[in-house]
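> Need the 3D shape of this:
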Amino acid sequence: MRTSIHLQTSPPHLFSPPLASPSLNQDSQKLLCAQHAASLVKPSTILGLGTGSTASLFLEQLSDLLSAGSLHSIVGVPTSLKTDALAKTLNIPLTDLGSHPVLDLSVDGADEVDQELNLVKGRGGSLLREKMVEGASREFVVIVDETKLVPRLGTTGPIPVEVVPFGWDYTIMKLKELFKGEIGFDAKLRTVWDAKEGKEVPFKTDNENYIVNLLFEKGISGDLRLISDEILRITGVIEHGIFIGMATSVIVAKKDGKIEILNKK
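A predicted model of the protein is given here:
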């Protein structure tokens, strides 16, 4: 189900696309959908706080609403240490899943969104905590610019898999076996440059685990639920970045300044 709306007017603290420029850049699109999502948050909401550039803009908008007094009594559950630190800087009250195992709403970005509203998330490395928090939410609203809409998951970049450091090379071998025969497939350990050591070292998640990037030449094909289960059955795999059927709606900001709402069928 698709709903298309256009923001004609905005409160003073919200961004309004300049009339002289009908084409918004990607940053402006991200801001537009972040603002729209912030306007949906009601007082006393227990809120999952996502991770990433678009989610950070949402947190800033949330902070503005709290400061202005138009929103109150919310409490957030961060999906990463980075989000935790940003929320504290923005004076957004925080809690955790232990205190609130059921959340009213989570808002987060996504790396990819397919036609069934399945997602790829976690290219920033926070997929495990994101899936836990957003899976505990009654509603999960995804905020993206239109470049994130894809015909098939895995077409614009890797699908991340969080693995335990012990035996990571064995885990990669098993992942390669799983997708044997998939044209153009590869699995690589994610690394970052360590200036102190002067070399590439394994990227570590907030949980001190590694990330393996699954790379597909033309995107991942087949039954996503079956593929999800097969990945999770590999010893050493903790979680992956395929989010199946979790999003209740997706807010898409477009270059022309319009917002399109895609709702779960």
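
> Grab the nearest non-local neighbour of residue 122.
residue 241 (3.5 Å; C-beta to C-beta, 6 or more residues apart in numbering). From N, CA and C alone the C-beta is placed, and that goes for glycine too.

> in the lengthiest strand in the chain, what's buried?
Longest strand in the chain, counting residues (DSSP state E): strand 137-145. Across strand 137-145, burial judged by 16 or more other C-beta atoms under 10 Å covers 137, 139, 140, 141, 142, 143, 144, 145.

> May I have the helix or strand following it as PDB, with CA atoms only?
Remark: after strand 137-145, the chain's next helix or strand is strand 159-163, criterion DSSP states H and E. Written as PDB, here are the backbone C-alpha positions of strand 159-163 (Å, rounded to 0.1, in the frame of the first residue of the first chain):
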ATOM      1  CA  ILE A 159      24.800  -8.000   3.400                       C
ATOM      2  CA  PRO A 160      26.600  -8.000   6.800                       C
ATOM      3  CA  VAL A 161      26.800 -11.000   9.000                       C
ATOM      4  CA  GLU A 162      28.000 -10.700  12.600                       C
ATOM      5  CA  VAL A 163      30.300 -13.600  13.700                       C
END
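
> Please name every helix or strand in contact with the helix or strand following strand 159-163.
Following strand 159-163 in sequence order, the next helix or strand is helix 168-178 (DSSP H and E). Applying 3 or more C-beta pairs under 8 Å, 6 or more residues apart in numbering; DSSP states H and E, one finds that helix 168-178 contacts strand 159-163, strand 186-189, strand 210-215, helix 224-232.

> rewinding a little: mean confidence for the longest strand of the chain?
Averaged across strand 137-145, pLDDT comes to 97.

> do stretch 208-216 as well
97.

> which residues touch that stretch?
Contact with stretch 208-216 is made by 122, 125, 128, 154-155, 158-165, 168, 171-172, 175, 179, 182, 184-190, 202-205, 220, 238, 240, as judged by C-beta atoms under 8 Å, 6 or more residues apart in numbering.

> Apply the buried test to those and list what passes.
So, by 16+ other C-beta under 10 Å, the buried ones in these are 122, 125, 128, 154, 158-163, 168, 171-172, 175, 179, 182, 185, 187, 189-190, 205, 220, 238, 240.

> Next, give phi and psi for residue 107.
phi -130, psi 130 (degrees, to the nearest 10).
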